[in-house]
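J.: Predicted model, plus sequence, below.
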Amino acid sequence: SYTAVSGSFIFSEILPKNQIVSFGKVGFSLAKVGKDTNPYATGTTLWAPKVFLGGTGVGNSWTRGNPYLKPEMSESIEAGLEMKFFNGRVGFDYTFYTNDSYDQIVSPRLSQTTGYILLSTNVGNVKNKGMELAITALPVQTKDFTWDIIVNMSGNRGTVEKLLTGQDVLYVTDVQVGNAKAASFNNGIFMGLSGSKWKRDENGEVILDWNTGMPTSDNLATYNVGNREPKLYGGIVNNFRYKNWTASIQLDYRIGGDIFNGTDYAMTVAGMSKRSMDRESITISGVSKNPVTGLNEPKSVTYQSGQFYNVSGGVQRYGNDIIREYYNTYLPLETSNFITNTNWLRLSSINVSYTIPESLLKRVKFIRSATVNFTGTNLLLLTNYKGLDPETTAAGSGVVGSSSVGIDYCGVPATRGFSFGLNLSF
């Protein structure tokens, strides 16, 4: 059964009249809703007959049906407080929410030895909790000039649990750049990043190969290496009015959240990134296991271009080849080398308009009003992210997958735009 209950109480109506609290309301809601799957997900079908090498035949479709599917359920709780002060000059609207979605209908990839690639099944609980806050203020209000400001912010924390037995990582999309994938971790974060790591000792020192001095790895690419979910994001809007002039300035911001710079990864592997420009020499430091004593020892190696080195049991290698191999093979084994915990502040838009006074329009009797406006979008970006644009994502199943928030792969940054307008009414 699906149920929903909601209510609110305006407590300011029972307060004594005062000059401070002008409005106050609390609200609460509880809901349970279901979500069905497509009508053919419970049945297993075959491809239509077609010509194979041995003649005409049929075959299994990619997806195996599941007659035991149940509806996906979501239970949500929301509580809020809205207040205004000083005759509405200052106010806020705060909401806290939790959402538990269980019996999620997902289609994890199967071993192809089963005869299928995908299977729709009920698995996992996705839990979200967070808050939304909007603050409003009217700092200045005179006959000719007003200034009001709106600040909004929100933050969400998503986790997943109760995945299939033996499934520690759920790949919710098919996005992959190098070893980085958009992933959810059982009993952990929902919007995670999985990838590979260098081996390290108990002190966090990188374990190097005794012969080559290169970082070592266990070649697993299922480690939790990042969280794509920001800690906080929102916007700030300032509105101004002076006589016939109006202006609006909007800023967007984000605090936290990891982004995998797939563009940097691709250019580094190809030897075209800024970090791979220094090809004259590389120095790698860490610890390495001495084959005689069996103990880890501090180790540092330097390779220079144009020199030959005896590595791996006396095999001579050219320094240029070793340096190139470090950038396209060993550096990418530490996925976090291409991950940035990102903050940004963006000047999203500026709008300025001027309403022509009626006294000037009297000479043109068929025009009742006229407004001239100018709008600029995406005008400025301040960020610690070194890629083209922190809001660019790797979308498009024909490239590296689809639905890839937090993974930037050769994306195109948002364009800056300007527009002028004239609004007339007759």
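T.: Perfect, thanks for sending it. Quick caveat: nothing in here was measured; it's all calculated off a predicted structure.
J.: Only C-alpha atoms from now on, for both contacts and neighbour counts.
T.: Fine.
J.: tell me which residues in stretch 298-316 are buried?
T.: Within stretch 298-316, the residues that qualify as buried by neighbour count (16 or more other Cα atoms under 10 Å) are 299, 303-305, 308.
J.: export that stretch as PDB, just CAs?
T.: In PDB, the C-alpha atoms belonging to stretch 298-316 read as follows (Å, rounded to 0.1, in the frame of the first residue of the first chain):
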ATOM      1  CA  PRO A 298      64.000   3.600   1.200                       C
ATOM      2  CA  LYS A 299      64.600   3.700  -2.600                       C
ATOM      3  CA  SER A 300      64.900   6.500  -5.100                       C
ATOM      4  CA  VAL A 301      65.700   6.200  -8.800                       C
ATOM      5  CA  THR A 302      66.300   8.800 -11.500                       C
ATOM      6  CA  TYR A 303      66.100   8.200 -15.200                       C
ATOM      7  CA  GLN A 304      67.400  10.700 -17.800                       C
ATOM      8  CA  SER A 305      66.700  10.900 -21.500                       C
ATOM      9  CA  GLY A 306      69.500   9.900 -23.800                       C
ATOM     10  CA  GLN A 307      71.000   7.400 -21.300                       C
ATOM     11  CA  PHE A 308      70.900   3.600 -21.100                       C
ATOM     12  CA  TYR A 309      70.100   1.700 -17.900                       C
ATOM     13  CA  ASN A 310      70.500  -1.900 -16.800                       C
ATOM     14  CA  VAL A 311      67.200  -3.000 -15.400                       C
ATOM     15  CA  SER A 312      65.300  -6.300 -14.900                       C
ATOM     16  CA  GLY A 313      68.300  -8.600 -14.600                       C
ATOM     17  CA  GLY A 314      70.700  -6.800 -16.800                       C
ATOM     18  CA  VAL A 315      68.400  -5.800 -19.700                       C
ATOM     19  CA  GLN A 316      69.400  -2.500 -21.100                       C
END
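J.: Now it: average pLDDT?
T.: Across stretch 298-316, the average pLDDT comes to 90.
J.: what does stretch 31-42 give?
T.: Averaged across stretch 31-42, the pLDDT comes to 87.
J.: can you check stretch 118-127 too?
T.: Computed over stretch 118-127, the mean pLDDT rounds to 86.
J.: Any idea how far apart the tips of that stretch sit?
T.: End-to-end distance for stretch 118-127: 24 Å, by Cα to Cα, to the nearest Å.
J.: now do stretch 329-339
T.: One end of stretch 329-339 sits 17 Å from the other (Cα to Cα).
J.: Distance from it to the middle of the chain?
T.: Relative to the chain's own centre, stretch 329-339 is displaced by 19 Å; criterion: Cα atoms, centre = their mean, to the nearest Å.
J.: Counting neighbours, show which residues of that stretch come out buried.
T.: Neighbour-count burial for stretch 329-339 [16+ other Cα under 10 Å]: 330-336, 338-339.
J.: so can I have CSV of the buried residues of stretch 298-316 showing distance to Gly406?
T.: CSV is the format used below for the buried residues of stretch 298-316 (distance: Cα to Cα, whole Å):
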residue, distance to Gly406
Lys299, 35
Tyr303, 35
Gln304, 36
Ser305, 36
Phe308, 41
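J.: Could you give me the buried positions within stretch 15-27?
T.: Using 16+ other Cα under 10 Å as the test for burial, stretch 15-27 gives 21-26.
J.: Tabulate the buried residues of stretch 298-316 (TSV), appending secondary structure and distance to Val175.
T.: Shown next, in TSV, are the buried residues of stretch 298-316 (DSSP: H, G, I helix; E, B strand; the rest coil; distance: Cα to Cα, whole Å):
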residue	secondary structure	distance to Val175
Lys299	strand	37
Tyr303	strand	35
Gln304	strand	37
Ser305	coil	36
Phe308	strand	40
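J.: which of these lies closest to Leu164?
T.: Leu164 lies nearest to Lys299 out of those, by Cα to Cα, at 42.8 Å.
J.: for the closest one, what are its contacts?
T.: When contacts are counted by Cα atoms under 8 Å, 6 or more residues apart in numbering, Lys299 touches 208, 213, 285-288.
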